[in-house]
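Asker: whatever this is, show me its structure:
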Amino acid sequence: MNKPHQLQRGFTLVEIAIVLVIVGLLLGGVLKGQELITSAKVRNLADQITSIGAAYHGFLDRYRQVPGDWPATPAAQAIPGVASGGNGNGRLDAVGGSEWTEPLAVWEQLARSGFMQGNYVGGNIAPLATQTDRAPRNTFNGFMLMTRSDDYLDVGTPSERQLLVLGRGVPVNVMRELDLKLDDGLPQTGALRQSVSSGAALGELAQSAAECVDSSVTPPVWNIAGNAQDCNGVMLY
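Answerer: The predicted structure follows:
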């Protein structure tokens, strides 16, 4: 005697709708979470830029000297513990054949004077990835550097300017949001620019991946579609 066939029960439209709603909520939560993380990193980097700028100008106002450029001997008389400095010519540049002496002395003099936190020791060679006492790092672990150079994008020929290198490893979407928050949102104009992709005076630490910017349009824009993860920029003073 044949047994009656058992009916196979499928999902109802209501069940499918509930599943779709749950999936939508989960995806929305993930995207919102990523957005919040990105915004937090942008705020962190913006706060670093602002605090370093305040420290730099506060130092200028108190001592009437450019931090890092101030020679070590007179600087140590005013700021106990300072052991590095520059040539006192009023700008950050190469000293004794090393392009690193003054850019690294900046951080020691700012920290020893109490204008920023840290325990920096100066030096005359590029900081290594394992070193934590040469220069501050951004939220993506890239070294932040202060120098005077023309290693940034410009609509014409860039001129040498006092600037803060923001550090490598910044995703392009963070760089664009940071630019919108602090400046004009464009990598070639305003106070925040993209770093050059090659030939920087301070080498690779002051350079950016070329694909961070889309130069096929006018004016060039941050290349969000390219999703580059190793961007770098400068803040002009």
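
Asker: middle-most residue in the protein, spatially?
Answerer: Leu166 (3.1 Å; CA atoms, centre = their mean).

Asker: just confirm Leu163 is within a strand.
Answerer: Yes: secondary structure of Leu163 (DSSP: H, G, I helix; E, B strand; the rest coil): part of a strand.

Asker: list the contacts for it?
Answerer: Met146, Thr147, Arg148, Ser149, Tyr152, Val234, Met235, Leu236, Tyr237 (CB atoms under 8 Å, 6 or more residues apart in numbering). Glycine gets a C-beta too; all of them are placed from N, C-alpha and C.

Asker: who are the neighbours in contact with Trp100?
Answerer: Trp100 sits next to Gly123, Asn124, Ile125, Ala126, Leu202 when contact means CB under 8 Å, 6+ apart.

Asker: look up how far Ser197 lies from the nearest residue to the residue nearest to the centre of the chain once chain neighbours are set aside.
Answerer: Excluding the flanking residues, the one nearest Leu166 by CB to CB, 6 or more residues apart in numbering is Gly233, at 4.7 Å. Distance of Gly233 to Ser197, computed by CB to CB, to the nearest Å: 12 Å.

Asker: just Thr130 next, same as before
Answerer: With distances taken as CB to CB, Thr130 is found 25 Å from Ser197.

Asker: quick check: what element follows the lengthiest helix in the chain along the chain?
Answerer: Longest helix in the chain by number of residues (criterion: DSSP state H): helix 13-63. Using DSSP states H and E, the helix or strand that follows helix 13-63 in sequence is helix 72-78.

Asker: show me what counts as buried in that next one.
Answerer: For helix 72-78, a neighbour-count test (16 or more other CB atoms under 10 Å) marks Ala72, Ala75, Ala76 as buried.

Asker: who touches the following helix or strand past it?
Answerer: Using DSSP H and E, the helix or strand that follows helix 72-78 towards the C-terminus is helix 101-112. Contact with helix 101-112 is made by 55-56, 59, 67-70, 72, 75, 79-87, 92-95, 116-124, 127, 134-136, 145-147, 202, as judged by CB under 8 Å, 6+ apart.

Asker: those, buried ones only, as a ChimeraX selection?
Answerer: For the buried members of the contacts of helix 101-112, the matching ChimeraX selection, counting by 16+ other CB under 10 Å, is:
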select :55,56,59,67,68,69,70,72,75,79,82,84,85,86,92,93,94,95,116,120,122,123,127,134,135,136,145,146,147,202
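
Asker: output the below-cut-off pLDDT ranges for the protein.
Answerer: For the chain, the stretches with pLDDT under 70 are 1-11, 15, 24-35, 96.

Asker: can you list the domain ranges for it.
Answerer: Following automatic domain parsing, one finds the domains of the chain at 17-63+137-237, 65-136.

Asker: tell me which of the ones you listed is the most buried.
Answerer: Comparing the domains of the chain by mean neighbour count (mean count of other CB atoms under 10 Å), domain 65-136 ranks first with a mean of 19.

Asker: ok now that one, how far from the chain's centre?
Answerer: Distance of domain 65-136 from the chain centroid (CA atoms, centre = their mean, to the nearest Å) equals 20 Å.

Asker: likewise for stretch 172-192?
Answerer: Distance, stretch centre to chain centre, for stretch 172-192: 11 Å (CA atoms, centre = their mean).

Asker: compute the first-to-last residue distance for that stretch.
Answerer: 14 Å (CA to CA, to the nearest Å).

Asker: number the residues from 71 up from this point.
Answerer: Sounds good: first residue 71 from here, last item stretch 242-262.

Asker: what residues does that stretch touch?
Answerer: Contacts with stretch 242-262, where a contact means CB under 8 Å, 6+ apart, come from 108-109, 111-112, 115-116, 119, 223-225, 240, 263-264, 282-283, 289-294, 296-299, 301, 303-306.
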